[in-house]
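K.L.:
Pasting a predicted model and its sequence here:
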Amino acid sequence: MKTLNKVLAVFVLVLGSLAAASAQTPLPSLSGGSVDVQAQKGRVVILAVGASWLPLSGKQAEFTNALVKKYAGKNVSIYFIATDSTNPRSKNYATDDQVRQWASANRLTVTVLRDSDGASVMRKFAVDQLPAFIVLDKNGGQSGDAFGGIDPKYDITVTIGKKVDSLL
């Protein structure tokens, strides 16, 4: 019986750890503080997930700014999540200042958040390629699959806009 109790205790601890790992985690903002993108009840949220080192993220910044203009004054929040690693040993490492410089050079007009390990947001929202866009409904849940990859010749804001409009 003691062995069964120990096994059950370990099982409960593992389940608790998994639940904590999937819980809403605020992401640090480059402007200070943090933002919990899933805790914005009543607002549709658009997440642009990219990296400063990724060539197509410049085009993604352009699309993000277009979405900002389209949804100005509406019940929509838009964020850019930089997946650049914060580990200096990583080949995809970037300091906060480097990400700020990239955002400024690309005239990004939204709050920039950091995914500190460069992959937790990708796992949480099942993003399989960068750059990507994710749309969250007014309850903070993911609305459909991530819009992964960007074709610079195709205006992805039209497709994202249809999803967002359906949620407003």
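P.N.:
Yes, it's here.
K.L.:
What about the residue nearest to residue 141 when sequence neighbours are not counted, how many residues nearby?
P.N.:
The shortest distance from residue 141 to any non-neighbouring residue, by CB to CB, 6 or more residues apart in numbering, is to residue 38 (7.6 Å). Using the backbone N, CA and C atoms, a C-beta is placed for each residue, glycine as well. When neighbours are defined as other CB atoms under 10 Å, residue 38 has 20 of them.
K.L.:
Distance of residue 38 relative to residue 57?
P.N.:
Per CB to CB, to the nearest Å, residue 38 is found 23 Å from residue 57.
K.L.:
can you give me the strands in this protein?
P.N.:
Here the chain has its strands, by DSSP state E, at 27-28, 34-35, 44-50, 76-82, 111-114, 132-136, 147-148.
K.L.:
Next, format those as CSV and append mean pLDDT.
P.N.:
Converted to CSV, the strands of the chain look like this (pLDDT from 0 to 100):
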stretch, mean pLDDT
strand 27-28, 95
strand 34-35, 96
strand 44-50, 97
strand 76-82, 97
strand 111-114, 97
strand 132-136, 97
strand 147-148, 92
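K.L.:
can you pull the contacts of the closest residue to residue 98 other than its chain neighbours?
P.N.:
Closest residue in space to residue 98, ignoring its immediate chain neighbours: residue 52 at 6.4 Å, by CB to CB, 6+ apart. For residue 52, the contact set (CB atoms under 8 Å, 6 or more residues apart in numbering) comprises 82, 84, 94, 98, 99, 102, 103.
K.L.:
try residue 40
P.N.:
Here residue 40 is in contact with 77, 136, 140 (CB under 8 Å, 6+ apart).
K.L.:
Without its sequence neighbours, what residue ends up closest to the last one?
P.N.:
Looking back up the chat, that one is residue 140. residue 38 (3.6 Å).
K.L.:
Report the contact partners of that neighbour.
P.N.:
24, 45, 136, 140, 141 are the contacts of residue 38 under CB under 8 Å, 6+ apart.
K.L.:
swap the cut-off to 10 Å and go again
P.N.:
Residue 38 makes contact with 23-26, 45, 47, 124-125, 136-137, 139-142, according to CB atoms under 10 Å, 6 or more residues apart in numbering.
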